[in-house]
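J.: Sequence below, structure please.
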Amino acid sequence: MSSIIVSDLEYAPPASEPLFFDVSFAVKPGEHAAIVGANGVGKSTILRILSGEIDADEGEFALGGSMLRMTQDVGMADPDQPLREMLIEVALPELRIAGRALVSAERAMASGADDGMGYAEALTMWGDLGGYELESQWAAAAARSVKTPIADFGERKVGELSGGERKRLVLELLLTAAPDILLLDEPDNYLDVPTRTWLEERIVGCASTILMVSHDRTLLERVADKIVVIEGSGCWVHGGSYRSYPEAREARQSQLGDALKRWNDEERRLYRHMKIMKQRAAVNFKNATKANAAETRWERFVKIGPPPPPVPDQHIHVNLRGADSARRVVALEGVSIDDLFFPFTDEVMFGERIGLIGPNGTGKTHLLRALQGDLEPTEGEIRFGPRTSVGTFTQVHHRPDFLGRTTGDIVLDRVGEEEKSRKHLARYGLADQFRQEFDTLSGGQKARLEILCLELEGHNVLLLDEPTDNLDIDSSEALERALDGFVGTVIAVSHDRTFLATMDRYVMIGDDGDVLALPDHELAMRALADPAAVRSLPQVKPLAQV
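T.: Predicted coordinates for the structure are as follows:
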């Protein structure tokens, strides 16, 4: 049976308080469940425990059948790693061991440490276990998911593929292999909108039991049959889709509050009754038996303990103030970069929220870098209007100026006082990270710190590259509310369909290099799904001179 059963799981990082405890849930065969919760509560840690990467401190779990897992940073650690080695790591356990042995034997033979006998044995084992069939699956998956053909998986480097291509390639393999159980950690990160739609369709049609971590609200609504909620150092389960989860959580919080109030009222009633009976027993010893019974009843009730209180909500307060600038914020005249797209002309007006959309690899991030001044356009000119102050958010949190520094020091540079720094970090749920170095923060914590710095720097033009990719859902919603009240201009690259719905208009860069202006979210989503179908519509404006 391809079920997942987790009982009383507990885990604490070395020399730290427990990350979670008393985590129990079950995923039935064929169910597709999602783990949700704030950044840092241990969602990925649970998948690491279930995959055997780390051990739980307490509790037990059972997985029925074969299991494959995708980590959120698959293929991201070493850009010089051969693709073959990345793909070996997502194979079934026996093939994974044989593949590692084959790679090791090849290196030993190349260095002269092996006369070829070890390599021959490793090659035989690889073939006997189905390694050549697996290589055929790699080739088929690559043909569907990688733009440039791969002739040799041993020679082609991971870094030669975009982040989206790496994720798509691994997902193609895992979903095609259809093991009994799939553990997917943020499978949507780095995927463009069309590929996220493809992923949703593949998950819905997959017979495997799936347990995933994701912050993509649209994906969760469309694929999850069950929501496992990690909060309050424990967990609870919503047996429905994410679409009905917010209402279910609100009802649960209300019930917990009511149950705790009822328990407190009953404890006070039993205590008062015991006191009255004690007083009566002091006056008339005939009441002593009743007094003892009342005391026993009160003590037994207190020993069982109260029900859990409502879990404190995560309050993230983002306050992007901005400031006025010239009416025309930026003009782009005949701009092109490295032949990624045709030269196009457009202008951005004060207060606009513009979504830069399109498939992976079309040059959206390159255009954002050109707008921030880190990259010179190959053709054309970019001119900002007067009184503009540009702030940027980087997709991979590449901040050399933050490396080796604590969050407290980073914020202190911007506000000048330690007490104010602590208050600002607390607003972003980072109070406990005051003395923690930036390098050791989680992806979501780094994202929140970057957004806080943008707020404190007071820019009136924000260039955001995938701002919600590593944010938990509460933080994404807080950012969306803040941008709604921001006095300034926003240009954002995003594949988060819920976030994109908050933009005013869209600029789409297509695979063919064409650049289109799209006036609303519905048309933008249609264009991403089928560019040819919308290109001739009167409300679609070509920006490039093809």
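J.: residue ranges for the helices of the stretch 301-450 of the chain, please.
T.: With helices called from DSSP state H, counting those that start in this stretch, the stretch 301-450 of the chain shows them at 364-372, 407-415, 418-427, 443-457.
J.: The helix ranked longest in the chain - contacts with which helices or strands?
T.: In terms of residue count, the longest helix belonging to the chain (DSSP state H) is helix 245-283. Counting contacts by 3 or more Cβ pairs under 8 Å, 6 or more residues apart in numbering; DSSP states H and E, helix 245-283 is packed against strand 226-231, strand 234-238, helix 288-304. The C-beta positions use only the backbone N, C-alpha and C, and glycine is treated the same way.
J.: Could you pull out the buried residues of the longest one?
T.: Of the residues in helix 288-304, those with enough neighbours to count as buried (16 or more other Cβ atoms under 10 Å) are 290-291, 294-295, 298, 301.
J.: What of the shortest one?
T.: Counting neighbours by 16+ other Cβ under 10 Å, one finds that the buried residues in strand 234-238 are 234-236, 238.
J.: Provide the strand pairings for it, with the direction of each partner.
T.: Paired strands of strand 234-238, with direction, are strand 226-231 (antiparallel) (DSSP bridges).
J.: Could you check the pLDDT of the residue of the chain most remote from its centre?
T.: Farthest-out residue of the chain from its mean C-alpha position, per Cα atoms, centre = their mean: residue 284, at 68.1 Å. At residue 284, the pLDDT value in this model is 86.
J.: tell me the contacts of it?
T.: Listed by Cβ atoms under 8 Å, 6 or more residues apart in numbering, residue 284 has no contact partners.
J.: how many other residues sit next to residue 9?
T.: Residues within reach of residue 9, counting by other Cβ atoms under 10 Å, total 24.
J.: Could you number the chain from 14 rather than 1 from now on?
T.: Sounds good: first residue 14 from here, last item residue 22.
J.: re the thing from before, nearest to residue 400, of the helices and strands packed on helix 258-296?
T.: Checking the helices and strands packed on helix 258-296 against residue 400 by Cβ to Cβ gives strand 239-244 as the closest, at 43.8 Å.
J.: can you dump the C-alpha coordinates of the closest one into PDB?
T.: Presented in PDB, the C-alpha positions along strand 239-244 are these (Å, rounded to 0.1, in the frame of the first residue of the first chain):
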ATOM      1  CA  LYS A 239      -5.400  17.300   1.700                       C
ATOM      2  CA  ILE A 240      -3.600  20.100   3.600                       C
ATOM      3  CA  VAL A 241      -1.200  19.200   6.400                       C
ATOM      4  CA  VAL A 242      -0.700  22.400   8.500                       C
ATOM      5  CA  ILE A 243       2.500  22.800  10.500                       C
ATOM      6  CA  GLU A 244       2.000  25.400  13.200                       C
END
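J.: quick one: buried residues of it?
T.: 239-244.
J.: Show me what the host helix or strand of residue 134 is in contact with.
T.: Taking DSSP states H and E as the definition, one finds residue 134 inside helix 130-141. Residues external to helix 130-141 that are found in contact with it (Cβ under 8 Å, 6+ apart): 108, 111-112, 114-115, 117-119, 121-122, 145.
J.: which residues touch residue 415?
T.: Here residue 415 is in contact with 423, 451, 462 (Cβ under 8 Å, 6+ apart).
J.: So which residues of the stretch 64-213 of the chain form helices?
T.: Using DSSP H, counting those that start in this stretch, helices in the stretch 64-213 of the chain cover 96-101, 106-124, 130-141, 144-158, 176-190, 206-217.
J.: Outside of the second one itself, which residues are in contact with it?
T.: Surrounding helix 106-124, the residues in contact under the criterion Cβ under 8 Å, 6+ apart are 97-98, 101-102, 104, 127-129, 131-132, 134-136, 138-139, 142-144, 147.
J.: in it, what's buried?
T.: Residues of helix 106-124 classed as buried by neighbour count (16+ other Cβ under 10 Å): 108-109, 111-112, 114-116, 118-119, 121-122.
J.: residues touching residue 509, list them.
T.: By Cβ under 8 Å, 6+ apart, the contact set of residue 509 is 229-231, 479, 481-482, 489.
J.: Those, buried ones only, as a PyMOL selection?
T.: Buried residues among these (16+ other Cβ under 10 Å), as a PyMOL selection:
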select buried, resi 229+230+231+479+481+482+489
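J.: from the contacts of residue 509, which has minimum pLDDT?
T.: Among the contacts of residue 509, pLDDT bottoms out at residue 482, giving 83.
J.: Having no further points to raise, I will conclude here.
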